[in-house]
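Chemist: Provided below are the primary sequence and the corresponding predicted coordinates.
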Amino acid sequence: MDVPTAEELAKSQADLNEYLAYIIMGEAFNELRYVYRALDALAFHNLAAGFTAEFSSEKPPRDLEGRQLCARRAVNAVHWMDIMSRRDDIRARDAADDFQGWVPDDPASLSTAHGGALVYLITHARLAAAKVGIADMSGSRLAQHRRNGWQILAVFQVSAKSAAAIETNVLKWWRVALGLPSYLTPSQMPQGGWTETVAAADPLSDRGVNAGASVMLTVVLVLPDCGWA
């Protein structure tokens, strides 16, 4: 067994403390996959040091080899958090780059539209996803989503010429500010629109969905002052 050195173990504990601080403050790493990994790392660090992990009802091994194994598992758990974080950073950067070439969800129906349009936020319980989109006033696009199991969270009526700008603001907030990448794949949305989705099954993504609704509402409310409506 590869026993971690005292320096390696101390650095792992310090890195874990940083992750836990961000999780507690609610600023990052709130997804359950991070939380579960952090709890594993915390438990193994406690057991390796000879302390009981009360939250998991585990007592420390009495033998040295058992504690060394816990130390290795603690270091490995934090290492996997580092790997997940780097992968998420790459995905977020890629999503931000992709955003530069993004086109609206339903541009064809709005390209010649005059008058009103719809900006919507929908969720899908089974897919654990949320989506922002735009549609014409007929509501046929929303009906298409609903037939595929989506539920309407919010809908705003705006001018056709401002709909794409509102959708862009929401997507910019998700992709660039929050670092939330596209979540679904084309096969999961045969009706189209997968590039405007985010995960909605963890605290961080829930914050993104709520932020999306807030951005939509804010932009809609200030439209008269901006001269967009």
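Modeler: Yes, it's here.

Chemist: SS state for Ala154?
Modeler: When the structure is split into helix, strand and coil by DSSP: H, G, I helix; E, B strand; the rest coil, Ala154 lands in strand.

Chemist: assign the residue nearest to it when sequence neighbours are not counted to helix, strand or coil.
Modeler: Taking Cβ to Cβ, 6 or more residues apart in numbering as the measure, Ala154 lies nearest to Leu121, with 4.4 Å between them; neighbours along the chain are not counted. Every C-beta, even on glycine, is put in place using the N, C-alpha and C of the backbone. The local conformation at Leu121, judged by three-state DSSP, is strand.

Chemist: where does the chain have low pLDDT?
Modeler: The chain contains residues with pLDDT under 70 at 27, 30, 91-114, 201-229.

Chemist: off-centre distance for the top helix by length along the chain?
Modeler: The helix spanning the most residues in the chain, taking DSSP state H as the definition, is helix 64-100. Going by Cα atoms, centre = their mean, to the nearest Å, the spacing between the C-alpha centre of helix 64-100 and its chain's C-alpha centre is 16 Å.

Chemist: just stretch 153-165 next, same as before
Modeler: The offset between the C-alpha centroid of stretch 153-165 and the centroid of the whole chain comes to 23 Å, using Cα atoms, centre = their mean.

Chemist: what about the residue nearest to Ala154, how many neighbours?
Modeler: 23 (other Cβ atoms under 10 Å).

Chemist: got phi/psi on the nearest residue to Arg126 once chain neighbours are set aside?
Modeler: In this structure, Arg126 finds its nearest non-sequential neighbour in Gly149, 6.3 Å apart by Cβ to Cβ, 6+ apart. Here is the backbone geometry of Gly149 (degrees, to the nearest 10): phi 90, psi 10.

Chemist: quick one on the thing from earlier: buried residues in the longest helix of the chain?
Modeler: Using 16 or more other Cβ atoms under 10 Å as the burial criterion, the residues of helix 64-100 that qualify are 67-78, 81, 88, 92, 95, 99.

Chemist: who are the packing partners of it?
Modeler: Using 3 or more Cβ pairs under 8 Å, 6 or more residues apart in numbering; DSSP states H and E as the contact definition, the elements that helix 64-100 packs against are helix 6-25, helix 32-48.
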